[in-house]
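> return atomic coordinates for the entry below.
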Amino acid sequence: MINFDELFSLIGALVMCHSPSGHEGEVDDLLMRKFGELGLAPRIDAAGNLIVKIAGSGPGSLAITAHKDEIGCSVHDVEADGKVRVRRLGGAFPWIYGEGVVDLLGDKGVVSGVLSFGSRHVSHASPQFAYKESAPVKWEEVWVETKLSREALRAAGIGPGARMVVGRHRKAPFRMGEHIASYTLDNKASLAILLLLASRLKNPPLDVYLVATANEEVGGLGALYFTKSQPLDALIALEIVPVAPEYSVEEGPVPAIVTEDAFAPYDRGLNQTLHRCASAVDSQAQLASLQGFGSDASFSLRAGHVAKAACFGFPTLNTHGYEIAHLGAIARCVDVLEAFCTTGAHTLAQPR
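Model prediction:
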């Protein structure tokens with residue numbers, strides 16, 4: 001049984017590592033250390049994926065992925081007065097962050113600024129007046145106020161292509177009884193599941209690759225590279241599963257199996273095996289058919305890189321925002337995947 005206090009602390013340590021798409025070095029450092037403490041030897045491939053192989057006792061191979069990158073923005077321009085204009089990477093929207101501190105990740109350090117929408121005490125003469133009525137705020141209409149000159153920002157290595165994420169001092173997770181609330185649970189709680197699974201797997205019946213993938217939020221680029229270069233019998237992507245009125249997913253401690261998403265249907269046989277493994281560890285599993293959603297698994301399926309794939313995760317409120325999830329659902333993902341790797345995966349190996 002996973003201790004919720006320890007799980008909360010592990011997720012918190014991962015959350016505090018900035019890791020926008022393509023700039024994932026902070027979380028890489030922590031993952032390398034954590035996997036190393038387990039006696040494992042992670043490596044980082046040319047696409048930035050962090051890979052741990054747990055050798056199996058027989059034929060076959062399975063990959064379980066969790067993406068490293070969090071949603072954020074890319075610097076579009078730095079104006080003469082030091083205002084920084086940004087554009088989104090992945091599913092980031094300005095109204096999710098709200099006005100407040102954000103961190104700009106420069107080549108020579110982090111510069112904090114304030115995501116700004118303009119004053120509220122304005123008339124029809126101001127463009128932001130519409131925000132008070134009905135118009136959504138768009139990235140093209142907001143800026144990061146740093147109170148630094150363009151030259152000072154350039155000296156810090158902040159220019160087009162630099163990344164922006166929510167400020168670190170706003171990132172610390174909040175405990176709500178058996179729930180955790182935080183930015184970036186989307187990827188950081190899934191990485192925690194990978195680490196806990198790695199601590200349990202010993203001599204599985206087939207090779208298991210635990211992969212912290214890069215650049216998932218911008219098209220699953222890391223997973224596509226990995227699955228193109230590494231033959232696999234199956235892939236399971238760890239993900240958040242959105243709680244929304246159009247999906248029959250209940251918030252709480254029961255994990256969920258995604259049957260299909262916007263990119264591909266998932267393998268029925270893998271889903272049935274995940275269901276059996278959930279029952280074997282005295283758990284249940286919900287089913288979800290999702291729209292407006294994709295994963296490392298469906299990206300790889302659609303590209304023809306894997307023949308069988310599944311998506312498994314924990315129900316989450318406020319996805320891609322200030323997310324809320326039940327610690328029990330996250331913990332049960334570890335239990336179910338351990339059962340899958342040790343007893344359920346023997347049917348995966350196919351003659352080559």
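> spit out the contact partners of Thr213.
Neighbour list for Thr213: Asn49, Thr65, Ala66, His67, Lys68, Gly220, Gly222, Ala223, Phe226, Asp296 [criterion: CB atoms under 8 Å, 6 or more residues apart in numbering]. To be clear about C-beta, it is placed using only N, CA and C from the backbone, and glycine gets the same treatment.
> before we move on, what about Glu6?
No contacts exist for Glu6 under CB under 8 Å, 6+ apart.
> what does the lowest-mean-pLDDT helix or strand in the chain contact?
When each helix and strand of the chain is scored by mean pLDDT, DSSP states H and E, helix 94-97 comes last, with a mean of 90. When contacts are defined by CB under 8 Å, 6+ apart, helix 94-97 is touched by residues Leu115, Phe117, Pro136, Val137, Lys138, Trp139, Val142, Val166, His320, Gly321, Tyr322.
> ok, the residue lying closest to the fifth one once chain neighbours are set aside to Glu140 distance?
With CB to CB, 6 or more residues apart in numbering as the criterion, Lys138 has its nearest non-adjacent residue at 7.1 Å, and that residue is Pro94. For Pro94, the distance to Glu140 equals 10 Å [CB to CB, to the nearest Å].
> who's more crowded, the two?
Pro94 (21 against 11; other CB atoms under 10 Å).
> got the domain boundaries for this protein?
Domain assignment for the chain, taken from automatic domain parsing, gives 4-70+183-347, 72-169.
> which among the ones you listed is found nearest to Arg175?
Between Arg175 and those, the tightest spacing by CB to CB is seen for domain 4-70+183-347, at 6.0 Å.
> any idea how far that closest one is from the chain center?
Distance of domain 4-70+183-347 from its chain centroid, counting by CA atoms, centre = their mean, to the nearest Å, is 9 Å.
> repeat that for stretch 59-78.
Between the centre of stretch 59-78 and the centre of its chain there are 7 Å (CA atoms, centre = their mean).
> can you give me the buried ones in it?
Across stretch 59-78, burial judged by 16 or more other CB atoms under 10 Å covers 60-76, 78.
> I'd say Ala297 and His67 touch.
No: at 10.9 Å, Ala297 does not count as touching His67 under the criterion of CB atoms under 8 Å.
> need the residues touching each of the two.
Overlap of the contact sets of Ala297 and His67 (by CB under 8 Å, 6+ apart) consists of Ala223.
> low-confidence ranges, the stretch 101-250 of the chain, go.
Judged by pLDDT under 70, the stretch 101-250 of the chain has its weakly predicted residues at 120-135.
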